[in-house]
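Novice: Below is the structure, and that's it, no one-letter string:
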């Protein structure tokens, strides 16, 4: 039987999609390659709350069929007007395991035999149940220096190397493959969301960068150096907690609180009451994020150069200013659209929505590279 979704696509050559299926929304980006440029053709977002019987902006745990239904609704929207099914799909960080492990400095072949054995220490399920990947992370000169004890005596140096270990449960991959098959999409890869974000936002950064990704239910903290995730941490609070506190504080619905959070936020014209509520939520998240920074700086003897805000929670008006005061370093709203070309009249809109589309832009950029 023909796939009914196939009628939605016009098979436009050279165009690709980045499909980011989050817990509270699905976001899609369509890019086209023109010379060396990535041209933004269209983009769209659909809240998943209504498909789970909860308010817009709330995290969900939808069945595969419900996600397929939501994707179909998004793809058939005339305003979005998708014209291709060639895509890359994101996998949530929460559905993966990623850790940096220290291994003896051996040949790639020798490590290939050792890493799966070492991985058993970090993966809480049988290795046969996951898809495993790893890569060697070169150390810089500072990290290669002899370690010193408190008294100043040097420890005998054993040559080591860092290995980034990544594992995704096979059931997770099967779930996304089912979604792809049922929607008529053609996915050439599935990628953990942080790698898409790095591609969309970072260039050749000279200092470590912290990516602060606030989703609906959780906030993910990543510290990235030279394109490599050196530290990752999940905080079990997100933007829906802020929305909920505003709703309860003012006696308004969650939907009204979500609108207020995005349009008013913690700007100067706002009431003291809302500011206090928002600060209370953010203080907990920022405090834990600061601890992650402190641990990184102690371990690697390096400082964070800047912090990039991404995710739906970054839509809170005024969050960058609060974050700047808390972290005492440059805080910038991530804008993945700087790597794309779009009509000038969209510039302001794309700058405001950019942090929410970092993953989908990064996916589309990778898919576009496959045409090279």
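Specialist: In hand now; what should we look at? Keep in mind it's a predicted model, so treat the numbers as computed, not measured.
Novice: so where's this structure shaky on pLDDT?
Specialist: Scanning the chain for pLDDT under 70 picks out 1-12, 140-158, 267-272, 372.
Novice: Do you have the helices of it handy? List them.
Specialist: Remark: helices assigned in the chain by DSSP state H are 49-52, 64-75, 108-119, 141-144, 170-183, 193-201, 239-250, 254-263, 272-300, 319-327, 347-353, 358-369.
Novice: Tell me how far the longest one lies from the chain's centre.
Specialist: Averaging C-alpha coordinates over helix 272-300 and over its chain gives two centres that are 19 Å apart (CA atoms, centre = their mean, to the nearest Å).
Novice: again, but for the last one
Specialist: Offset of helix 358-369 from its chain centre (CA atoms, centre = their mean): 12 Å.
Novice: Which residue ranges make up the domains of the protein?
Specialist: 4-95+169-369, 96-168 (automatic domain parsing).
Novice: just the helices of the chain: most buried one?
Specialist: helix 358-369 (a mean of 27; mean count of other CB atoms under 10 Å). Any C-beta I mention is one placed from the backbone N, CA and C, and that applies to glycine too.
Novice: Which strands or helices does it pack on?
Specialist: strand 15-21, strand 25-34, strand 37-47, strand 86-91, strand 186-192, helix 193-201 (3 or more CB pairs under 8 Å, 6 or more residues apart in numbering; DSSP states H and E).
Novice: What are the contacting residues of that helix?
Specialist: With CB atoms under 8 Å, 6 or more residues apart in numbering as the test, helix 358-369 has contacts from 16-20, 22, 27-31, 33, 38, 43, 86-90, 188-189, 191, 193, 195-201, 310-311, 334, 336-337, 339-340.
Novice: Write the ChimeraX selection for whichever of those residues are buried.
Specialist: Here is the ChimeraX command that selects the buried residues among the contacts of helix 358-369 (16 or more other CB atoms under 10 Å):
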select :16,17,18,19,20,22,27,28,29,30,31,33,38,43,86,87,88,89,90,191,193,195,196,197,198,199,200,201,310,311,334,336,337,339,340
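Novice: Reformat the helices and strands packed on helix 358-369 as CSV; add distance to residue 281.
Specialist: As requested, the helices and strands packed on helix 358-369 are arranged in CSV below (distance: least, CB to CB, whole Å):
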stretch, distance to residue 281
strand 15-21, 24
strand 25-34, 20
strand 37-47, 21
strand 86-91, 26
strand 186-192, 27
helix 193-201, 23
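Novice: which one of these lies closest to residue 352?
Specialist: strand 37-47 (12.6 Å; CB to CB).
Novice: quick revisit: tell me which of the helices of the chain lies nearest to residue 133.
Specialist: helix 108-119 (9.7 Å).
Novice: about what we covered before: TSV for the helices of the chain, including distance to residue 101?
Specialist: What follows is those, written out as TSV (distance: least, CB to CB, whole Å):
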stretch	distance to residue 101
helix 49-52	37
helix 64-75	33
helix 108-119	6
helix 141-144	15
helix 170-183	21
helix 193-201	17
helix 239-250	32
helix 254-263	39
helix 272-300	14
helix 319-327	28
helix 347-353	37
helix 358-369	25
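Novice: Residue 207: which of these is closest?
Specialist: helix 272-300 (11.2 Å).
Novice: I'd like to know which elements the closest one is packed against.
Specialist: Counting by 3+ CB pairs under 8 Å, 6+ apart, helix 272-300 packs on strand 209-214, strand 219-225, strand 228-235, helix 239-250, helix 319-327.
Novice: what pairs with the second one, and is each one parallel or antiparallel?
Specialist: Next to strand 219-225 in the sheet, as set by DSSP bridges, lie strand 209-214 (antiparallel), strand 228-235 (antiparallel).
Novice: separation between residue 330 and residue 71?
Specialist: Residue 330 sits 37 Å away from residue 71, going by CB to CB, to the nearest Å.
Novice: roughly how far is stretch 65-72 from the heart of the chain?
Specialist: 21 Å.
Novice: what does it contact?
Specialist: 5, 8, 19, 21, 26, 46, 48, 51-52, 62, 179, 182-183.
Novice: let's go with 6 Å and repeat that
Specialist: Identification of contacts with stretch 65-72 by CB atoms under 6 Å, 6 or more residues apart in numbering yields 26, 46, 48, 51, 179, 182, 183.
Novice: give me phi/psi at the third one?
Specialist: Backbone torsions for residue 48, taken as degrees, to the nearest 10, come to phi -100, psi -10.
Novice: Does it touch residue 58 like I think?
Specialist: No. Contact criterion CB atoms under 6 Å: residue 48 and residue 58 do not qualify, at 8.5 Å.
Novice: Overlap of the contact sets of the two?
Specialist: Common neighbours of residue 48 and residue 58 are not found (criterion: CB under 6 Å, 6+ apart).
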